[in-house]
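K.L.:
give the three-dimensional model of this entry:
(2 chains)
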Amino acid sequence: MLRTDSLDKSFTLHLRNGLRIPVLHDVNLAVHAGECVALTGPSGAGKTTLLRSLYGNYRADAGHIWLRHDGAMIDIAAAPPRTVVQVRAATLGYVSQFLRVVPRVPALDIVADAARGLAPDVARARAEELLLRLNIPRRLHALPPATFSGGEQQRINLARGFIGRHPVLLLDEPTASLDAENRDIVIAMIRAAKAEKIAIVGIFHDTTVRDAVADRTHDVTPLQDAA
Amino acid sequence: MSEDTLLSASRLTLRFGAVPALVEVDAELWPGEVLAVVGESGSGKTTLLNVLSGRLRPQSGVVWYRDPEGRLHDVHAMPLPALRALHRSDWGFVHQNPRENLRLGVTAGGNVGERLMAQGSRHYGRIREEAIGWLRQVEIDADRVDDLPRTFSGGMLQRLQIARTLVTHPRLVFMDEPTGGLDVSVQARLLDLIRSLVSRLGIAAVLVTHDLAVARLLAHRIMVMQRGRVVEAGLTDQVLDDPRHEYTQLLVSSVLQA
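P.N.:
The predicted structure is shown next:
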């Protein structure tokens, strides 16, 4: 479903006299349908950078990110912006650590808007079901999540990521702010997604979660900072 | 999504005396897509909007618009009446200052209905009904339909301008700082409104803003301008999260985190 080919990524900080920070070098990762790969490595090694590159959020310097989209393999690293928008709509889902949404939009609408190919009323029903499953009580559904707790916002984000049933799903610390009960619910959701043949790449610091969902790990090794 | 561009501009150049407002600017827009143009004051972003919409003529370069029948029009070579007709039907323009677009001596309902009449609608009852429907969509109470805009607050005026612009179902809307100069609470409401209307109606938009957060929430793609040049362009979240050009890095790092 997803394969990287000698992926390189560095950051050049022009405001620091052009300081160049290499983060990823020669990354080769392959993920198949129904498989969950956990990215491992120390903090700062570049796990989130890799995940964001896979999503097209960060631009790769060299190498390819091949993704099966609409029956063909597409290179996210070389695709024009419009194609990336289409790939994200149809194929590639992402659950980030932080919720970033238009203010004033109710939680239920945020989740329902992320559904793919469902009639509006079906999408709303599905969104409600997901939110309830993630222990977001009905009285919160009509409220914008700006005032929600960190754990509640993360669960809104999870509902938004899972409702699309994208064939490839990227998860950045999906259980970081959750208690044990909600963590177990998320584990069950990830397992159900795998059973639906969804390919998953994730960062899970919580070893309980990692052991429960990951088929294997991919180690991201820190590169030496170059001046 | 169609493969044909709705609007396509190449090598637009315009100088005001010694000041380069646009230098060899290329831009493309596809149906249903929102493109944000960001940069500081004087970067040329509003000039670009005016040139793209035919309100200002470039010294060189061309802007092509594809009509619903697939015919291409050179925006700056069109006869003036044809360009005006385009602005009344297929296109809309939302100004930073709503007073530039609204008729202050005409009621709120009249302001919305006037665009319909300009398109040939004649049935008064139906025009009024549609005007009220649009006021409701932009969250203005139906009982304000006969009030004059001068009794409206700044945020209401902006929403009235949006209703007036969208009532004819344009395919392409040009927006110049639509949330500029408004209280933040009103701004949030307007952002939500623009976002939902644009996605529900499948409208394409060119949005000029100096507010990167507004660009992030509304736009698929972004162009960063500095001194009349496009220094960086691409997917909105890519440019804002992984900026490559020195100027974009400066813009992104200068934003206050609320």
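K.L.:
what mean pLDDT does whichever strand or helix holds B:R200 get?
P.N.:
Here B:R200, judged by DSSP states H and E, is contained in helix B:184-201. Per-residue pLDDT over helix B:184-201 has a mean of 81.
K.L.:
and stretch B:122-131, by the same measure?
P.N.:
For stretch B:122-131, the per-residue pLDDT values average out at 90.
K.L.:
likewise for stretch A:33-48?
P.N.:
In this model, stretch A:33-48 carries a mean pLDDT of 94.
K.L.:
can you check stretch B:95-107 too?
P.N.:
Predicted confidence along stretch B:95-107 averages 93 (mean pLDDT).
K.L.:
contact partners of it?
P.N.:
The contact list for stretch B:95-107 (C-beta atoms under 8 Å, 6 or more residues apart in numbering or on different chains) reads B:93-94, B:110-111, B:114, B:145-150, B:154, B:157-158, B:160-161, B:164-165, B:176-178, B:180-181. To be clear about C-beta, it is placed using only N, CA and C from the backbone, and glycine gets the same treatment.
K.L.:
if we can go back for a sec, quick one: list the elements packing against the helix holding B:R200.
P.N.:
Contact analysis of helix B:184-201 by 3 or more C-beta pairs under 8 Å, 6 or more residues apart in numbering or on different chains; DSSP states H and E lists helix B:154-166, helix B:212-218 as its packing neighbours.
K.L.:
most packed of those helices?
P.N.:
Comparing these on average neighbours per residue, with mean count of other C-beta atoms under 10 Å in any protein chain shown, the densest one is helix B:154-166 at a mean of 23.
K.L.:
host element of residue 49?
P.N.:
Picked chain A for this. Remark: A:T49 resides in helix A:47-54, with elements defined by DSSP H and E.
K.L.:
wait, chain B
P.N.:
Counting by DSSP H and E, the element that carries B:L49 is helix B:45-52.
K.L.:
list the buried ones in that helix?
P.N.:
For helix B:45-52, a neighbour-count test (16 or more other C-beta atoms under 10 Å in any protein chain shown) marks B:K45, B:T46, B:T47, B:L48, B:L49, B:N50, B:V51, B:L52 as buried.
K.L.:
mind listing the strands in chain B by residue range?
P.N.:
Counting by DSSP state E, one finds strands in chain B at the ranges B:7-16, B:19-29, B:34-38, B:60-66, B:72-74, B:91-94, B:172-176, B:204-208, B:221-226, B:229-235.
K.L.:
ok, A:A195 - contacts?
P.N.:
Under the criterion of C-beta under 8 Å, 6+ apart, the neighbours of A:A195 are A:G34.
K.L.:
now it: phi and psi?
P.N.:
phi -60, psi -30 (degrees, to the nearest 10).
K.L.:
returning to what we had before: the helix holding B:L49 vs strand B:204-208, what angle?
P.N.:
When axes from the mean of the first three to the mean of the last three C-alpha atoms, to 10 degrees is applied, the directions of helix B:45-52 and strand B:204-208 differ by 150 degrees.
K.L.:
list, one by one, the residues from the stretch 151-258 of chain B near chain A.
P.N.:
Residues of the stretch 151-258 of chain B lying close to chain A (C-beta under 8 Å from any C-beta of the partner chain) are B:188-189, B:191-192, B:195, B:216-217, B:220-221, B:234-235, B:237-238, B:241-242, B:244-246, B:249-250, B:253.
K.L.:
count of residues packed around the residue nearest to A:L13 when sequence neighbours are not counted?
P.N.:
Setting aside the residues directly before and after it, A:L13 is nearest to A:L19 in space (C-beta to C-beta, 6 or more residues apart in numbering or on different chains), at 4.6 Å. The tally of other residues near A:L19 (other C-beta atoms under 10 Å in any protein chain shown) stands at 13.
K.L.:
pLDDT at A:L19, what is it?
P.N.:
Among the per-residue scores, A:L19 shows a pLDDT of 91.
K.L.:
just the one 10 residues further on next, same as before
P.N.:
As summarised for this prediction, A:L29 has a pLDDT of 95.
K.L.:
and if you look at B:S254?
P.N.:
According to the model, B:S254 scores 86 on pLDDT.
K.L.:
what does it show for phi and psi?
P.N.:
As for B:S254, its main-chain torsions (degrees, to the nearest 10) stand at phi -90, psi -10.
K.L.:
so where is chain A shaky, pLDDT-wise?
P.N.:
Flagging of chain A using pLDDT under 70 yields the residue ranges A:224-227.
K.L.:
so which bits of it are right by chain B?
P.N.:
Applying C-beta under 8 Å from any C-beta, one finds that chain A approaches chain B through A:11-15, A:52, A:56-59, A:81-82, A:84-86, A:100-105.
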